[in-house]
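[1] model the structure of this input:
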Amino acid sequence: MGAVPGREPVLARWCSVAERDIVIVEDSERNASLCRCPGCPTTDGCMSGRGGRLYCSRGQTDCDPSGRGCLCSDCPVSMENRLGGRYFCIEGAAR
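    Residues are numbered from 1 along each chain as shown. Here you go, the predicted structure:
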């Protein structure tokens, strides 16, 4: 299967270490509006006060939350981007 003119190549999830640093979830208003982070049991007062959301794209919070449950696997953003991880607010952005 060769390259298709005019189309960007799609990277697989099992890319080399250097390629795994590519962000796979777009930080967009659309994704932010679909994000379930604000209603998550792990979201604490610090995170809420900062308007925290879309950790799968933006990376982990500067707050110090305790893992009290995770909605990532049921989040439309996670499902649409086929993310396998959880607790992005603690572990960091999906890569």
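[2] contacting residues around the closest residue to residue 80 other than its chain neighbours?
    Leaving aside its sequence neighbours, residue 80 sits nearest to residue 34 (Cβ to Cβ, 6 or more residues apart in numbering; 7.8 Å). No exception for glycine: its C-beta is placed from N, CA and C like everyone else's. Contacts for residue 34 were tallied using Cβ atoms under 8 Å, 6 or more residues apart in numbering; they are 75, 76, 77, 80.
[3] could you rerun that using 10 Å?
    Taking Cβ atoms under 10 Å, 6 or more residues apart in numbering as the criterion, residue 34 is in contact with 28, 53, 54, 75, 76, 77, 78, 79, 80.
[4] residue 77: helix or strand, and which one exactly?
    Residue 77 is part of helix 76-80, with elements assigned from DSSP states H and E.
[5] buried residues in whichever helix or strand comes after that helix?
    Under the assignment DSSP H and E, the closest C-terminal helix or strand after helix 76-80 is helix 88-91. Residues of helix 88-91 classed as buried by neighbour count (16 or more other Cβ atoms under 10 Å): 88, 89, 90.
[6] closest to residue 40 out of those residues?
    Nearest to residue 40 among the buried residues of helix 88-91 is residue 89, at 7.6 Å by Cβ to Cβ.
[7] could you find the closest non-adjacent residue to the closest one?
    residue 55 (4.2 Å).
[8] just the C-alphas of stretch 42-55, formatted as PDB.
    Taking C-alpha atoms only, stretch 42-55 is exported to PDB below (Å, rounded to 0.1, in the frame of the first residue of the first chain):
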ATOM      1  CA  THR A  42     -12.000  12.900  40.300                       C
ATOM      2  CA  THR A  43     -12.400  16.600  39.500                       C
ATOM      3  CA  ASP A  44     -11.800  18.500  42.700                       C
ATOM      4  CA  GLY A  45     -12.300  22.100  43.700                       C
ATOM      5  CA  CYS A  46      -8.900  23.200  42.400                       C
ATOM      6  CA  MET A  47      -9.600  21.700  39.000                       C
ATOM      7  CA  SER A  48     -13.100  23.200  38.800                       C
ATOM      8  CA  GLY A  49     -11.900  26.600  39.900                       C
ATOM      9  CA  ARG A  50      -9.400  26.600  37.000                       C
ATOM     10  CA  GLY A  51     -12.100  25.400  34.500                       C
ATOM     11  CA  GLY A  52     -10.200  22.200  33.900                       C
ATOM     12  CA  ARG A  53     -11.200  20.000  31.000                       C
ATOM     13  CA  LEU A  54      -9.800  18.100  28.000                       C
ATOM     14  CA  TYR A  55      -6.900  16.600  29.900                       C
END
